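>>> no sequence on hand, only this structure:
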């Protein structure tokens, strides 16, 4: 067995001194860790400084807000396997102090076991050396005598679940099963994740590997949790009803155990009224809500959300976005197949109304400034343009080493026709859209193209609005993710059109871009969703969207109203929206087009915030 790369992941929140002790202990391992990752959940004490200055030189991932243990471990595991090429990820809280041989014992048991092991965990003790009841792994029900003997020979015991207090995970299992469910926030995230990993695979408890869990008190999970009982109840409901981690028999077994533990918790509570309120609220939310996608929960935390998105995209073949009824599609395509060829084109339309300086800035942002550069750029000149624009177009091939094709159309044909001509000229299956006045951030293609190559047919992202100064940024427009894309599409465009990267064959299969004044993109995306494409959005902004003067004026008026009515009629005729949905859309969306511009601006910003948009802190904007 080759020597594995072990990356330790420590999730930290407001325990600077304990974090220092944990990092010291990692630095003292008899078998050194190869790399340490510290995920800081927006600590307000000195934890971030401790991590950045520690001699172990950890990779520090500072999140913009507290995402709980679940979010921290999702980010940490994703970072370890994506950025540090970990073979094994060793996770723990910042109050976990490994003894010097803890890592060596885990690796020894893994090597001694006569088969593949997906995860291993340590013996967890409290400060006085007694076993910590909070972190007791569950033995594997029905383990055969052969399995027990094989584990015993490796100095271990087969288990069905384990906690994040010293859990070692095989990176291949992460790529196969995905990450912890971030929306759990705290409690049961490790139970759900470990049982998901171990449902059909081996997990070992290694008592020779010892770590100290320095909690304030020695107590089990049925200690009085107060208002946090909400998470215990909600997350257990989610796990038993929405996760595939447990079989039917296991749900009954662990469900009964959970009910008994809840009864003990209530009996021991000193404030049963608070506990009851939290529990009932958790029960209600567990039933009527489900966990949101990780990318949605992590929206706005920083670049780490993109790392999580990359891992989640590769965890399994993405499921198609379903709609209740299927719109007619002129062609067909095979959705969700990985692509061996990851070369891609950028499609950028230009017309006489564009600004020359904005065009050059947009062009540089999709070529020289990208960490993953395109293999070609196709610029469609939609009809004659002025002298300044013509000069920029002539200069483009000399601005970059990326091959540039400028496709001149003899007359202005409109955006839909221009994009169709451009798609026909693109040489690659993967195509990234760009507009002549927006700016793609440097990591855009590095984040989106691998997702499309992995099996998605269209991937969009959040966009960051700005007026003239690209460093003075305002509202972030966060799109829906996962199944929410199809739901949102029945009311509004679920993609920010200047951010999309798609497969050319998926666009062609539904008839491509068709003329519908100012609504071409929405119509295309709705048809793609109806045809069963695999779709996703990244909730971190990857494009700076130039709002500028007149932005809200362009969202209204008779011209756009006519397009809105035509769009709703088309979507209804094709079965994408029902009659009640069409009526709602006409009343709300068409009515929005007719109100005064000032009211439209206020309403737009309020609605965007409510559906997921946010205004970043000033320091984040300009930092």
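Arrived safely, thanks for sending. None of these values were measured; they are calculated from a predicted model. Numbering: from 1, shown residues only.
>>> how about the strands in the stretch 51-200 of the chain?
Ranges of strands in the stretch 51-200 of the chain, per DSSP state E, counting those that start in this stretch, are 59-62, 88-93, 96-98, 119-125, 138-139, 157-161, 167-170.
>>> turn the ones you listed into TSV, including mean pLDDT and distance to residue 486.
Every C-beta, even on glycine, is put in place using the N, C-alpha and C of the backbone. Conversion of those to TSV gives the following (pLDDT from 0 to 100; distance: least, C-beta to C-beta, whole Å):
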stretch	mean pLDDT	distance to residue 486
strand 59-62	94	32
strand 88-93	96	33
strand 96-98	96	41
strand 119-125	95	34
strand 138-139	83	37
strand 157-161	94	34
strand 167-170	97	32
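>>> find the residue at the geometric middle of this structure.
By C-alpha atoms, centre = their mean, the chain has its centre lying nearest to residue 295, at 2.5 Å.
>>> whichever strand or helix holds it: what's the following helix or strand?
Residue 295 is part of helix 294-297, with elements assigned from DSSP states H and E. Later in the chain than helix 294-297, the nearest helix or strand by DSSP H and E is helix 304-315.
>>> what lies in contact with that following helix?
39, 61, 63, 74-75, 77-79, 81-83, 174-179, 182, 293-295, 298-299, 443, 447, 450-451, 454-456, 536, 538-540 (C-beta atoms under 8 Å, 6 or more residues apart in numbering).
>>> from what I can see the residue nearest to the centre of the chain touches residue 485, true?
No - counting by C-beta atoms under 8 Å, residue 295 does not reach residue 485; the two are 11.4 Å apart.
>>> shared neighbours of the two, which are they?
536, 537.
>>> wait, residue 163 touches residue 122, no?
No - using C-beta under 8 Å as the test, residue 163 is too far from residue 122 to be in contact (9.7 Å).
>>> and these two? Which one has more around it.
residue 122 (31 against 24; other C-beta atoms under 10 Å).
>>> what's the spacing between that one and residue 109?
In this view, residue 122 and residue 109 are 10 Å apart by C-beta to C-beta, to the nearest Å.
>>> need the residues touching each of the two.
206, 209.
>>> pLDDT weak spots in the chain?
1, 219-224, 313-336, 517-518, 548-561, 587-623 (pLDDT under 70).
>>> picking up where we left off before, contacting residues around the helix holding residue 295?
Under C-beta under 8 Å, 6+ apart, the answer for helix 294-297 is 67, 71, 74, 179, 181-183, 305, 308-309, 312, 478, 480-482, 484, 536-539, 612.
>>> quick revisit: can you tell me which of the strands of the stretch 51-200 of the chain is nearest to residue 392?
strand 59-62 (39.0 Å; C-beta to C-beta).
>>> which strands or helices does the closest one pack on?
For strand 59-62, the packing partners by 3 or more C-beta pairs under 8 Å, 6 or more residues apart in numbering; DSSP states H and E come out as strand 35-40, helix 47-53, helix 68-83.
>>> now those in JSON lines, with distance to residue 187 and mean neighbour count?
Formatted as JSON lines, those follow (distance: least, C-beta to C-beta, whole Å; neighbours: other C-beta atoms under 10 Å):
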{"stretch": "strand 35-40", "distance to residue 187": "18", "mean neighbour count": "26"}
{"stretch": "helix 47-53", "distance to residue 187": "21", "mean neighbour count": "19"}
{"stretch": "helix 68-83", "distance to residue 187": "8", "mean neighbour count": "27"}
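>>> tabulate these (TSV), appending distance to residue 275.
Shown next, in TSV, are the helices and strands packed on strand 59-62 (distance: least, C-beta to C-beta, whole Å):
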stretch	distance to residue 275
strand 35-40	30
helix 47-53	30
helix 68-83	20
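>>> follow-up on the earlier one: distance from the chain centre to the helix holding residue 295, please.
Distance of helix 294-297 from its chain centroid, counting by C-alpha atoms, centre = their mean, to the nearest Å, is 5 Å.
>>> longest helix of the chain?
helix 248-268 (DSSP state H).
>>> who are the packing partners of that one?
Contact here means 3+ C-beta pairs under 8 Å, 6+ apart; on that basis helix 248-268 packs against helix 229-242, helix 272-288.
>>> enumerate the positions of that helix that are buried.
250, 251, 254, 258, 262, 265 (16 or more other C-beta atoms under 10 Å).
>>> with stretch 81-96 instead?
Judged by neighbour count (16+ other C-beta under 10 Å), stretch 81-96 contains these buried residues: 81-84, 86-96.
>>> and what of stretch 452-468?
452-466.
>>> what about the residues you listed, which are in strands?
In strands, judged by DSSP state E, the following of the buried residues of stretch 452-468 are found: 458, 459, 460, 461, 462, 463, 464, 465, 466.
>>> quick check: residue 8 touching residue 35?
Yes - the pair residue 8 and residue 35 passes the contact test of C-beta under 8 Å, sitting 7.4 Å apart.
>>> which stretch among the helices and strands packed on helix 248-268 comes nearest residue 580?
helix 272-288 (22.0 Å).
>>> and that closest one, what other elements does it pack with?
Helix 272-288 packs on helix 229-242, helix 248-268, going by 3+ C-beta pairs under 8 Å, 6+ apart.
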